[in-house]
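1. I would like to see how this sequence folds:
(chains A and B)
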Amino acid sequence: MKVATWNVNSIKARLEPALAWIQQAKPDVVALQEIKCVDEKFPAAEFEALGYNCAVHGQKTYNGVALLSRSPMEDVTPRLPGGDDTDDHARYLEALVTGKKGMVRVAAIYAPNGNPQPGPKFDYKLAWLERLRVHAKALLANEEPIVLMGDYNVIPTELDADRPKAWAKDALFQPESRAALRRIENLGYTDAFRAQHPEGGHYTFWDYFGSWERNNGIRIDHLLLSPQAADLLKASGIDREVRGASEKPSDHVPVWVELDI
DNA sequence: ATGGCTAGGCCCCCTAGA
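-> Down below sits the predicted model:
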């Protein structure tokens, strides 16, 4: 089973490149972030025409996540537990999908950016990642394959930035942000791409200001695997060619894993 | 310390991204 994540930076602006990538990459499950539209505006028919079921947790203008799956989805659950009434950001969507040999729980994650830091946005980012950790811990009790994937907005290590010093004051590279991601991994979740590619220099995001041409990138889109999912890990990759494949690309590219299930 | 670019909105300028 091929499982992929991609921050599309508006699904309406990225519909044609998204359909082209899906037809070429042939993922079984896709988690999308920053769809930037309400559920009713999500172009579900276009993905259904390619053989995918759609689950959408959208929001006007900002955020928004979705799951596409060739197999029907069960247990579709929007929102991360532990939020209060003031948190109306659409940043989390979970579902259970079926592979050839068993079930996999998948989640589409769009963690807050957190800039500027320090400040309330950074506090929100850290609180949100802590809520994710609590939920990720609870999920482990089921002892099932789980893929928590998306835009974590965290650069894990210096290996994951072309110019680490440039990010020293950015919310994405603060020690607190990196520790928040590490705490989830320390529960027993594996950063699938890092496990397969221990060296640095692989990125999933380049800004729109000339960074792509200089390969001044960062790796902030991650697939975290539960122990049961890590047992099934066969391959992982970054589809960096997607950045050059259309006139108006997203600033992120897809990341994927192949699981033996 | 800042700007560069992109997207959406409710709409010719703002927020937000990272």
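2. contacts and neighbour counts: CA atoms only from here.
-> Will do.
3. now do the end-to-end distance for stretch A:220-234.
-> Distance across stretch A:220-234, first residue to last, is 21 Å (CA to CA, to the nearest Å).
4. contact partners of that stretch?
-> Applying CA atoms under 8 Å, 6 or more residues apart in numbering, the external contacts of stretch A:220-234 come out as A:5-6, A:104, A:140, A:143-156, A:160, A:185, A:188-193, A:203-205, A:255-261.
5. okay, and which of those residues map to helices?
-> Using DSSP state H, the members of these that fall within helices are A:Leu140, A:Glu185, A:Ala192, A:Phe193.
6. including pLDDT and distance to DNA strand B, could the residues you listed go into CSV?
-> Formatted as CSV, the ones in helices among the contacts of stretch A:220-234 follow (pLDDT from 0 to 100; distance: CA to the nearest atom of the strand, whole Å):
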residue, pLDDT, distance to DNA strand B
A:Leu140, 98, 27
A:Glu185, 98, 20
A:Ala192, 98, 20
A:Phe193, 98, 18
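7. element containing A:Ser236?
-> strand A:233-238 (DSSP states H and E).
8. ok, that strand: who's next to it in the sheet?
-> Looking at strand A:233-238 with DSSP bridges, its partner strands are strand A:255-259 (antiparallel).
9. chain A: helices as residue ranges?
-> A:15-25, A:44-48, A:120-140, A:175-186, A:192-196, A:211-214, A:227-230.
10. let me see the mean pLDDT of the last one.
-> In this model, helix A:227-230 carries a mean pLDDT of 98.
11. how far out from the middle of the chain is it?
-> When distances are taken as CA atoms, centre = their mean, to the nearest Å, helix A:227-230 is centred 18 Å away from the chain's centroid.
12. swap in the second one?
-> Its chain's average C-alpha position is 20 Å from that of helix A:44-48, according to CA atoms, centre = their mean.
13. and the stretch 151-261 of chain A, which of its residues are near DNA strand B?
-> A:Asn153, A:Leu172, A:Phe205, A:Asp207, A:Tyr208, A:Phe209, A:Lys248, A:Pro249, A:Ser250 (CA under 7 Å from any atom of the strand).
14. much appreciated, bye for now.
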